[in-house]
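A.B. asks: Give me a model of this one.
(2 chains)
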Amino acid sequence: MIEEVSTETVRERLERGDEFDLIDIRENEDYAEGHLPEADHVTIEELEEIVETRNWADEVVVYCYRGNSSIQAARLIAEYGDAERVVSMAGGYQDWEPLEAVAAD
Amino acid sequence: MPSIDDVTNTPDELTDDDAEALLEDADLVQDMTGEVCPYPQVEAKKGLQKLEAGELLVQETDHVPCTENVPRAVGDDAEAQVWRSGDATYRIYLRKQA
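C.D. replies: Below you'll find the predicted structure:
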């Protein structure tokens, strides 16, 4: 069972400077258009190739468009990677508000 | 090599023969090849709205997570089964429920 965390939780961790891997599994063009700060772009196909060999952080947060496919991707990392905790960002990129926009409120 | 397939929880699987026979009887076929979540989920819901209870919607996909996420998205609106081609393509069979 993959735990889900909110976009707010991810935002707080980023702002605190917590150490974790943030993985964006969306399509190339969508990542290029915009992504969370410091997010690594790893498609599912790439993930299958590197999941066993990558040196994962203790904690990994995965996100996609709406928080659906990120569940399976998180399972893949939890199953084959060396991370201690792998979670999916609920709501995905759609629910993410850019840091600047929030700061401007 | 690890596969996303290994960690995707799909509904019951159809045999090749049953999958072919059902495809011929499908009331609506949606080609979702190349599409990723959430678009196929949205289209599945829209597709089922056009069907009567007992009718069959078939989605073709090459995005493995859809085989879990589409059936979950339609929930009790349809009974789901999946067929794997063995060649990285899949069909999701959704029988609309009353």
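A.B. asks: What are the boundaries of the strands in the chain?
C.D. replies: Going with chain A. Assigned by DSSP state E, chain A shows strands spanning A:3-5, A:21-24, A:40-41, A:59-63, A:85-89.
A.B. asks: meant chain B actually
C.D. replies: Under DSSP E, chain B gives strands at B:12-13, B:28-31, B:56-61, B:78-84, B:90-96.
A.B. asks: Show me what the first one is in contact with.
C.D. replies: Contacts made with strand B:12-13 from outside it, assessed by CB atoms under 8 Å, 6 or more residues apart in numbering or on different chains, are listed as B:A80, B:Q81, B:V82, B:W83, B:R84. (Each C-beta comes from the backbone N, C-alpha and C, glycine too.)
A.B. asks: got the strands of chain A as TSV, with mean pLDDT, mean neighbour count and distance to B:T89 columns?
C.D. replies: Shown next, in TSV, are the strands of chain A (pLDDT from 0 to 100; neighbours: other CB atoms under 10 Å in any protein chain shown; distance: least, CB to CB, whole Å):
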stretch	mean pLDDT	mean neighbour count	distance to B:T89
strand A:3-5	98	14	29
strand A:21-24	98	22	25
strand A:40-41	98	15	25
strand A:59-63	98	25	24
strand A:85-89	98	22	25
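A.B. asks: Any chance of a markdown table for the ones you listed, columns distance to chain B?
C.D. replies: Output for these, formatted as a markdown table (distance: least, CB to the nearest CB, whole Å):
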| stretch | distance to chain B |
| --- | --- |
| strand A:3-5 | 14 |
| strand A:21-24 | 13 |
| strand A:40-41 | 14 |
| strand A:59-63 | 12 |
| strand A:85-89 | 11 |
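A.B. asks: what residues are up against the spatially closest residue to B:D18 that is not a sequence neighbour?
C.D. replies: In space, and not counting its chain neighbours, B:D18 is closest to B:W83: 7.9 Å by CB to CB, 6 or more residues apart in numbering or on different chains. Neighbouring residues of B:W83 by CB under 8 Å, 6+ apart: B:E13, B:L14, B:D16, B:D18, B:A19, B:Y90, B:R91, B:Y93.
A.B. asks: Please report how far the last one lies from A:I25.
C.D. replies: When distance is defined by CB to CB, to the nearest Å, B:Y93 is 26 Å away from A:I25.
A.B. asks: The two: which is more packed in?
C.D. replies: For B:Y93 versus A:I25, neighbours defined as other CB atoms under 10 Å in any protein chain shown are more numerous around A:I25 (28 against 23).
A.B. asks: how about the more buried one, what does it touch?
C.D. replies: A:V42, A:T43, A:I44, A:L47, A:V62, A:Y63, A:C64, A:S69, A:S70, A:A73.
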